[in-house]
Each structure stands twice: as structure tokens, then as C-alpha cells.
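**Q** Quick one: sequence plus predicted model below, questions after.
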Number of protein chains: 2
Amino acid sequence: MVNFPLRRATNIHAEQFLVDKQARAALDHQKPLVLWFTGLSGSGKSTIAKLVEQALHAEGRHTYALDGDNLRHGLNRDLGFTDQDRVENIRRVGEVAKLFVDAGLIVLCSFISPFRAERRMVRELFDQDEFIEVFVDTPIEECMRRDPKGLYAKAMSGAIKNFTGISSPYEPPENPELRINTASGSPEQIAEIVLSHLRGLIRAS
Amino acid sequence: MVNFPLRRATNIHAEQFLVDKQARAALDHQKPLVLWFTGLSGSGKSTIAKLVEQALHAEGRHTYALDGDNLRHGLNRDLGFTDQDRVENIRRVGEVAKLFVDAGLIVLCSFISPFRAERRMVRELFDQDEFIEVFVDTPIEECMRRDPKGLYAKAMSGAIKNFTGISSPYEPPENPELRINTASGSPEQIAEIVLSHLRGLIRAS
């Protein structure tokens, strides 16, 4: 650290800020980026994201997962499920993911994020090689069969309004970086597809 | 990774989620925590935070700085400067800092955060050994003399309303973990006080 030009109590402006995205990523020996999992409820987004995160972590990668569980109970607990609140929910997730990428991490985001416009809004926060959209394209019949939280049953009965795929649209990605279908193999097999795509991308340049 | 119990496409619930705060902190060989710098505009919060971050980074610590610069233009750009918006600003900063601590990082937050209630709200998000309040107790006369952005001049003329220290109160911390005064030494000397306090706290347990 160059000390002498700052050795005056009156000079409190930092002349430079050396700890930036590149410096943090170099410390982690990785390329920071966002894996954005989008798909229907029950499609397997979080399951695959967790397996991918476990594998990356085991390789010494520094990761973080953002999903409804850690966002809806904290940062976004003031938001409901109106269209406006859902868009604000995704906007904040995107901004937080951007901070994490700036911090040098590989961020795994699992959100239904059904609207093209909101996914585009998030994508535009990042450089082209920092945003990987993973379309979890599991057939809705399979998602309904799994229905792990009983949400489809409630949506079909009308007890839940504006449920994606039933009473609210899901707009499929047109050009996702990756498309997976969790009905086509074991979770580990599907996670390996994502990991194969990632290898080569996340080495520090 | 134990594969066989998950080797069924129908079993999409992750049985366990091994990548947690401890695992990420262990990868970084550090104890994650928040350094929360509070004090008047011009007191030197960001300057000291940046020097502390540079020193930690040089030691191989994984850090991230949150301040008005990266929050007000992104996550919190929908917020103004009413009392309500200022409280929401700090609430979101606290929640984001919590995510970063969960991710295993040392987070340096520099916000005037003039109200005891909002600082308490943030403190309560963390375990006791994760939150270090640093009161940047630089005399207001010195802050006004520096006035790096000309804000005190505008506040004195009435051009800026609700300016902390002039037309809005600053409630000093009663029991901060650390108190510094940037008029009492060079920025490097003051940063070293913070670093001395930190050493021993941030080693991975």
C-alpha cells in the first residue's frame, strides 16, 4: 500500500479503490457469474441449483444461492404476490445478484420468474458472459404430479389465484443459454448437464 | 457426494443442503461478520472502510463493501430521502449484509444511519459476534470544514432539508464495539485501529 500521499489527516479521500470485481474474483480463482434458473413451480429449479452448488463448492468455488426461501423472509418480506410486487421481487433479486457477482461469487438464482420482460431486465444488469439463463423445461404434467407443496391442487381449486401455469402465464425463454428437463434423468444427471456447460466458463481469466 | 439415494427422477427433494454459512466461511478461512460504520456525512466512514478493506483483501480475506454508491443506484434506487425511505434503505442494507455474511464474507457497510432504532434493527439480524458497530465520531466542525461534496454548505443555506447534524438529529451509538475519530490521526492510523480490533475476531474457528 502506498502510504505517504495519504499521510495527512485532512486528506480523507481515498485516491483509489483497489479491491474491485477482478481482484475479488482473482482471490477466488473463478469467473463470477449468475446462473438464473427459471421454470414452473415443481420443475426442479432449486433441487438442481443445490446439486450444482454442492458440486461447485466441493471444487473450491465460492457460491451463493438466492431463492424464495432466503429472500421472501428477509429483504423482500414487504412484498406480496401482486404483479407489481412480483416484478419488484425479481428486480431486487437481480440487483442483489449483481452485488454478489461484483463481490466475485458464482450466484445461483432459482425463481419462477415467468415473464420475459423481468428476465430481460435482470439480464441487462450483467455483462454478456456473466448471465446464464437455465430454462428448467419440465412438462407441467410432471410438475403437477410432483406438486411438492400442494400448490397446484390449491390453484386448480381456485384457492390460490394467479398461479403460474394454471391461472397466470409462463412465458418460456426464447434463447436460454441452457434448457433442461428434470423428468428426463436423475437430479444428478441433470445437474451434470449444467456443470458441463459451466466448466470452462468459470475459470478465472 | 452420496448419489444412490437420489438416483430416482421422482425424488427431486434435496435431502440435505451441505453448502451453508460454515462451509463457505471455511472455504474462505475466515469468520464472516459485518463492520457497520456509522457517523456524520464527511466523518470519514467510507475512507476508513476502504482502507480496512484493502488491508483485509491483501491478507487474502474475502470482503465486500456496501455503501450509498452501490446501493442507491441499484437495489435502492426506488427510495428517496423521507424518514420512511431512509429506514427502508437501512433495512434493505441490513438484509443484504445478512446474505453476504451467510455467504461467508466480511462486509463493510458505510451509512450515516443516524437513528438508534434502525441500527438496532440491523444488529438484531445478526449473531452477537457477527456485528461490529464502528462509531466514526469525528467532530461535526471537522466534517463541516471538510465538506467534500458541499453538502453542509447547502444544508446551512436550507437548500437541503433534513440533513443529519444540521436539520436532522444524529443519535450517537451508546455501546459501539469501536469508536474512532478521523481527525485524530492519518487515515492509515485510524484504519489500523479498526484492523487491530478485527484481528483475532476474523480467524475461522
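**A** The structure has been received and is ready for your questions.
**Q** Flag the shaky bits of chain A, pLDDT-wise.
**A** Along chain A, segments meeting pLDDT under 70 span A:1-18, A:203-205.
**Q** mind listing the strands for it?
**A** Secondary structure of chain A, counting by DSSP state E: strands at A:33-39, A:63-67, A:106-110, A:131-136, A:178-180.
**Q** can I get these in TSV with distance to chain B and mean neighbour count?
**A** Heads up, the C-betas are built off the backbone N, CA and C, glycines and all. Below are these laid out as TSV (distance: least, CB to the nearest CB, whole Å; neighbours: other CB atoms under 10 Å in any protein chain shown):
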stretch	distance to chain B	mean neighbour count
strand A:33-39	12	27
strand A:63-67	4	23
strand A:106-110	9	26
strand A:131-136	11	23
strand A:178-180	12	19
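**Q** Pipe the ones you listed into CSV and attach distance to B:Leu66 per row.
**A** Shown next, in CSV, are the strands of chain A (distance: least, CB to CB, whole Å):
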stretch, distance to B:Leu66
strand A:33-39, 19
strand A:63-67, 15
strand A:106-110, 16
strand A:131-136, 22
strand A:178-180, 31
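**Q** Would you confirm that A:Gln54 contacts B:Ala23?
**A** No: between A:Gln54 and B:Ala23 there is no contact under CB atoms under 8 Å: 9.5 Å.
**Q** Show me what the lengthiest helix in chain A is packed up against.
**A** Looking across chain A with DSSP state H, the single longest helix is helix A:83-102. In terms of contacts (3 or more CB pairs under 8 Å, 6 or more residues apart in numbering or on different chains; DSSP states H and E), helix A:83-102 is packed against helix A:21-28, strand A:33-39, strand A:63-67, helix A:68-71, strand A:106-110, helix A:116-123, strand B:63-67, helix B:83-102.
**Q** Nearest to A:Met156, out of those?
**A** Within the helices and strands packed on helix A:83-102, the stretch nearest A:Met156 is strand A:33-39; the backing value is 19.0 Å (CB to CB).
**Q** could you give the angle of that closest one to helix A:21-28?
**A** In terms of direction (axes from the mean of the first three to the mean of the last three CA atoms, to 10 degrees), strand A:33-39 departs from helix A:21-28 by 90 degrees.
**Q** Distance of A:Ala23 relative to B:Arg61?
**A** Here the criterion is CB to CB, to the nearest Å. By it, A:Ala23 lies 12 Å from B:Arg61.
**Q** Also A:Thr138?
**A** Look at A:Thr138 and B:Arg61: by CB to CB, they are 41 Å apart.
**Q** quick one, which of these two is more surrounded?
**A** Using other CB atoms under 10 Å in any protein chain shown as the criterion, A:Thr138 and B:Arg61 rank with A:Thr138 on top: 23 against 19.
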